[in-house]
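>>> prediction below, plus the sequence it came from.
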Amino acid sequence: MGDVVLWIVIGALLLLGLAGTVLPFLPGTPLIVAAALVHAIASDWMPISVGRLVILAAFSAFGYLLHYAAAALGARGAGGSAWAFAGALGGGVIGLFFGLPGLLLGPPLGAIAGELLKSGDLRTSVRTGIAAFIGMVAGAIANVAIGITMIALFLWWVARG
């Protein structure tokens, strides 16, 4: 009976973690690391060792970095200035305080504002904001892929014993 409860907890953490790669109010990839940690502790660190947890934690950190920097990188990639890059990052941070609408609109609006302050050209600024939004979408897709990779690694390690 204990194994069933353990796997229900691990499964719930994995599913919540995968959902959290898309939903802003759930800490996606850290929940996947937490599932692996629960398994490691419950199974005396076999086959999930400290080294494997470090690998999952590195994936998690990379996913977070990519997720939050993607909008700024998109703005920069579209020819936006450093002001657009900084505006997208700042818009993302400010957007955190306004829930889902802020998270979606903050980086593109920040990129537009930053580029508009720098160049004064509305057309270029809007193009940069659109690129920031596309970067955000690409970052979200990459974060889902990282979450799926983490879950697949965890399950593979456990299945191999």
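In hand now; what should we look at? Bear in mind that the values here come from a model prediction, so they are computed numbers and not experimental data.

>>> so what's G99 scoring on pLDDT?
Predicted confidence (pLDDT) at G99: the value is 83.

>>> what's the local residue count around it?
By other CB atoms under 10 Å, the residues close to G99 number 11. Every residue, glycine included, has its C-beta placed from N, CA and C.

>>> enumerate every residue touching it.
Neighbour list for G99: P24 [criterion: CB atoms under 8 Å, 6 or more residues apart in numbering].

>>> one more time with 10 Å, if that's ok
G99 sits next to 24-25 when contact means CB atoms under 10 Å, 6 or more residues apart in numbering.

>>> how far out from the middle of the chain is the strand or helix carrying it?
Taking DSSP states H and E as the criterion, G99 maps to helix 99-119. A distance of 19 Å separates the centroid of the chain from that of helix 99-119, by CA atoms, centre = their mean, to the nearest Å.

>>> next helix or strand past it?
helix 122-160.

>>> elements contacting that following helix?
Other elements packing on helix 122-160 under the criterion 3 or more CB pairs under 10 Å, 6 or more residues apart in numbering; DSSP states H and E are helix 2-20, helix 28-42, helix 50-77, helix 82-95, helix 99-119.

>>> the ones you listed: which one's closest to T149?
With CB to CB as the measure, helix 50-77 is the member of these nearest T149 (6.6 Å).

>>> tell me the buried residues in stretch 30-49?
Buried positions in stretch 30-49, judged by neighbour count with 16 or more other CB atoms under 10 Å: 30-37, 39-40, 42, 48.

>>> that one: how far from the chain's middle?
In this view, stretch 30-49 has its centroid 21 Å away from the chain centroid, taken as CA atoms, centre = their mean.
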